[in-house]
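What would the 3D arrangement of this be:
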Amino acid sequence: MDDQNKNLILATALSFIVILVWFVLFPPVEPDTALDVTPPPASSAQSGDAIVPAPASDGSTITATSSDDATTETVDAPRIDIDTDRISGSISLAGGRIDDLRLKDYRDTIEPGSDIVTMLAPVGSPDAYYALHGWAPGSGLGADAVPTPNTLWQLVEGETLSTDSPITLEWDNGAGQIFRRTIGVDDNYMFNITQSVTNTSDAPVRAAPYGMITRHGIPADTRNFFILHEGAVAMANGELAETDWDDIQDADFDAEWGRPAVVTNDVTQGWVGFTDHFWQAILIPTGVSSFEQALTYAPRADVFRAVTRLPTQDIAPGATVSVDTQLFAGAKEWEAIRAYQDEGAQNFIDSIDWGWFFFLTKPIFWLLHEMNKLIGNMGVSIIGLTLIIKAILLPLAYKSYVSMAKMKELQPQMEKLKENAGDDKQKLQKGMMELYKKEKVNPAAGCLPILLQIPIFFSLYKVIFVTIELRHAPFFGPFQDLSAPDPTSILNLFGLLPIDAPDPTSVMALIFIGVLPILLGISMFLQQKLNPAPTDPTQKMIFAWMPWVFMFMLGGFASGLVVYWIANNTITFTQQYLIMRSQGYKPDLMGNIKSTFKKKPAEDAANSTKAPKKKGGK
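Numbers count the residues shown, from 1 in each chain. You can find the predicted model right below:
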């Protein structure tokens, strides 16, 4: 076995093992049709909302208590409409909850007439998910002197919440304090909430404002896929924390919060909330010196919360105090999130899950995003991105292919060394090292470009899988969603027959693959045939099966990723062919292809089955 083939097998096998382990251990999860999405009973569901920050016994600080006493949802409470170019929904005057939100620019599927995406949903809906704000009572205020999650507010300003028309809610506790809440929204997904308290009594009072995002149960569409983080996400003083749903459930019991909780104190800059595959709801306090972040779980109610608890406010007689909080609730669009980061949301771009190779994923996505803006077709942009990546790696590729061409030229000398060395492997190794040194050939050079493709491959896969810009991104013809597997199939002759392709999550889809995986297998096969098949039977078998194993294995991957791999193989083939020709070595492509399908001569087969003659026999 020559060193060139050893290196190629090593790199190919490493790529294969990494992808195989990834595919086997972390396959896309099929929807769990048996999952119970029935909302919790009223006594349980509402008890989740009853848990709000409450005063310490001496009123000097704000602590948190836990209660499983049920409160009542005001089912018939009036609602205030939300209507902008990008979102629609409503706000319930029961608690002033932002609990009904839909994203106009996104639909559940690519099918015509598909429903627009629902972002937030009220109590009583499957996967109830909403945001509310309020005040925890301090000294001078009783528990009934602050608004609760079910307090019925009054609309005093505005009619419909829109980008140029904020609304103001008001509640008078009847004890000398008037609470007001002004809610505005920009032209994307950011709500601005200003909470204020006016103290008309003769005594000072204290209260602590808070913001809370509540989710009832783990979302039914959670994928539990290794490559994607779903759950809580938080930024605290420049440090990102991604917390899975089960990690919140398994958190240590916190006596102050009265439940399992993950608490971060003394946050000067940051945000906290929940993230899904393409959507997220995040609380961002503004204009405060420090605040507290908490992720809590109420086991009996099966309710998760992300809470920001702001510093306690002293409200003198006749005075008014106010605090501001932002709420992001929408799609994880790179441009919008980057703009909010530029406006002061610390490292907000990291709310998108860039993964371990973030130093590659971020620039790859930026380049792909900018190319798509220029070209207007994500599939073509992926091909263009591949060209740029290959151009960047060209110096390494050039050295690699030059080395491979020189290795081919050294084959006669290497064969002679093998004959002279016989069974003396040490002598053979020494001779080959001297030959490599004399001819200035690095046998490992052919391996490096292939190894560099592995992190690039996973980074691009991360980009295609995670970022919303590729969700439902069309290419051409049947390829209308590059974040989904190839929709064509051998079963329907790649769309020519009126037969639906197998479900992408089924075993049938792994067998009756589409046209893109087939093109992938062919491109890998042709790339192999630039070199003669190895003489070693084991090597020969590995090389023969590798393209077709990859073809079936990657059939269930995002079609955008397969487009990248096809383009990468095609460009690599072209580069290698031209560079090896420039070095005086002409690859016998057609000859190598023919040898693959050439049958072994009958006489050779017969000779190979003959028993060897005994020594001294006739």
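
tell me the phi and psi of the closest residue to Asp144 other than its chain neighbours?
Leaving aside its sequence neighbours, Asp144 sits nearest to Asn173 (Cβ to Cβ, 6 or more residues apart in numbering; 7.7 Å). (Glycine included, C-beta is placed from N, CA and C.) The phi and psi values for Asn173, taken as degrees, to the nearest 10, are phi -80, psi -10.

how near is Asn173 to His216?
Here the criterion is Cβ to Cβ, to the nearest Å. By it, Asn173 lies 28 Å from His216.

And the two? Which one has more around it.
When neighbours are counted by other Cβ atoms under 10 Å, His216 comes out ahead of the other of Asn173 and His216, with 26 against 17.

does that one really touch Tyr129, like I thought?
Yes: in terms of Cβ atoms under 8 Å, His216 counts as a neighbour of Tyr129; the distance is 7.3 Å.

Okay, now the unreliable bits of the protein?
1-75, 443-450, 492, 495, 503-510, 532-536, 539, 598-618 (pLDDT under 70).

which residue ends up closest to the midpoint of it in space?
The C-alpha lying nearest the average C-alpha coordinate of the chain belongs to Val466 (Cα atoms, centre = their mean; 3.1 Å).

That residue: what's it in contact with?
227-228, 277, 352-355 (Cβ atoms under 8 Å, 6 or more residues apart in numbering).

just Arg305 next, same as before
48, 51, 212-215, 294-298 are the contacts of Arg305 under Cβ under 8 Å, 6+ apart.

hmm, try it at 10 Å
Arg305 makes contact with 48-49, 51-52, 212-215, 232, 248, 257, 259, 261, 272, 274, 294-298 under the criterion Cβ atoms under 10 Å, 6 or more residues apart in numbering.

So for the helix or strand harbouring Tyr436, what gets flagged as buried?
Tyr436 is part of helix 425-439, with elements assigned from DSSP states H and E. Within helix 425-439, the residues scored as buried using 16 or more other Cβ atoms under 10 Å are 428, 431-432, 436.

Ok, stretch 269-286 next?
Of all the residues in stretch 269-286, those buried under the rule 16+ other Cβ under 10 Å are 269-286.

Endpoints of that stretch, how far apart?
One end of stretch 269-286 to the other measures 8 Å (Cα to Cα, to the nearest Å).

Might you specify the subset of the contacts of Arg305 located within strands?
212-215, 232, 259, 261, 272, 274, 294-298 (DSSP state E).

what's the closest of the residues you listed to Thr118?
Arg215 (13.4 Å; Cβ to Cβ).

can you pull the contacts of that closest one?
48, 120-121, 127-130, 231-232, 245, 273-274, 276, 281, 302-306.

try 7 Å this time
Arg215 makes contact with 129, 274, 304, according to Cβ atoms under 7 Å, 6 or more residues apart in numbering.

bridging residues for the last one?
Looking back up the chat, that one is Phe304. Per DSSP bridges, the residues bridged to Phe304 are Arg215, Tyr297.

Give me the buried subset of the ones in strands among the contacts of Arg305.
212-215, 232, 259, 261, 272, 274, 294-298.

Nearest to Ala558, out of the residues you listed: which one, please.
Closest approach to Ala558 among these (Cβ to Cβ): Phe274, at 24.3 Å.
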